[in-house]
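# I would like to see how this sequence folds:
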Amino acid sequence: MTRRSWKTYWLGLSAIVMAHPAHAADADPAQAAYLVVLLVILLSALLINWRSQFMTAVRYVALWALIVLGLVTAYAFRPEAEYIYKRVAGAAMPSRPISSGGGVETFRKANDGHFYITAELNGREVELMVDTGATVIVLPPDDAEALGIAVSTLRFNRPFETANGRVMGAMTRIETIRIGQIDRQDVPAAIVPDVGKPLLGMSYLATLSSYEFAEQQLTLKD
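I've put the predicted structure just below:
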């Protein structure tokens, strides 16, 4: 009960006592009945107010108990929760790896029938399409420059077949590649104009202990 509520209650009770002093034995019965009713109203208001505050306190206690229970449950089941999160994220974003531990990364097939992998090349995220027919990682010039490769200094003297025909590309090397928990360094790559989508080719895939296409999934093993 608030300070104002207590003040109102005591003022009302004092008014009842003053209006009907204890020595007034000949008091009017009607007045006495009125004062009794007023006293009952004051006591009822006090009880209702106290109950309201009590229920508010109970609600807060219950809320904090649920919060603590949720935190404890999340901590106890964090491996399972992390696995479920990765499965859901993998379904929503097929290029994101589902890590199973031990250097095993799984990817789901995209709606267009291809596999895409979001990798960190030289510390920068790039989405590549998996292409076992490509002998090396293939990057468009713009992506290569974003990775810090000095494209203008390269010699474009290697022929490559693209969807638009034969073009001349340049060989280079990518300092670091990270896919999930799998790290590689100094991986051969080619800079090819008009290639469209960056490709993850055999210069990376061949460094793995295995890669397997099964149904709707691609599994990479370090």
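# can you get me the start-to-end distance on stretch 117-136?
15 Å (CA to CA, to the nearest Å).
# ok, Asp186 - contacts?
173-175 (CB atoms under 8 Å, 6 or more residues apart in numbering). Yep, even glycine has a C-beta here, placed from its N, CA and C like the rest.
# against Tyr116, how distant is it?
Distance of Asp186 to Tyr116, given as CB to CB, to the nearest Å: 24 Å.
# same check on Gly123?
20 Å.
# neighbour count for those two, which is higher?
Tyr116 (22 against 10; other CB atoms under 10 Å).
# and this structure, split by domain according to the record?
Here the domain assignment for the chain is 3-75, 94-221, based on automatic domain parsing.
# may I have the strands that pair with the top strand by length along the chain, each with its orientation?
Criterion DSSP state E: the longest strand present in the chain is strand 165-179. Using DSSP bridges, the strands paired with strand 165-179 are strand 116-121 (antiparallel), strand 158-162 (antiparallel), strand 182-191 (antiparallel).
# make CSV out of these and add distance to Ser99.
Formatted as CSV, the strands paired with strand 165-179 follow (distance: least, CB to CB, whole Å):
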stretch, distance to Ser99
strand 116-121, 13
strand 158-162, 33
strand 182-191, 9
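# how about those strands in CSV, adding mean pLDDT and distance to Leu199?
What follows is those, written out as CSV (pLDDT from 0 to 100; distance: least, CB to CB, whole Å):
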stretch, mean pLDDT, distance to Leu199
strand 116-121, 95, 10
strand 158-162, 87, 10
strand 182-191, 96, 9
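# buried deepest among those, which one?
strand 116-121 (a mean of 20; mean count of other CB atoms under 10 Å).
# next SSE downstream of that strand?
strand 124-130 (DSSP states H and E).
# which residues touch that following strand?
So strand 124-130 is contacted by 95, 114-120, 137, 139, 143, 146-147, 197-200, 205, 218 (CB under 8 Å, 6+ apart).
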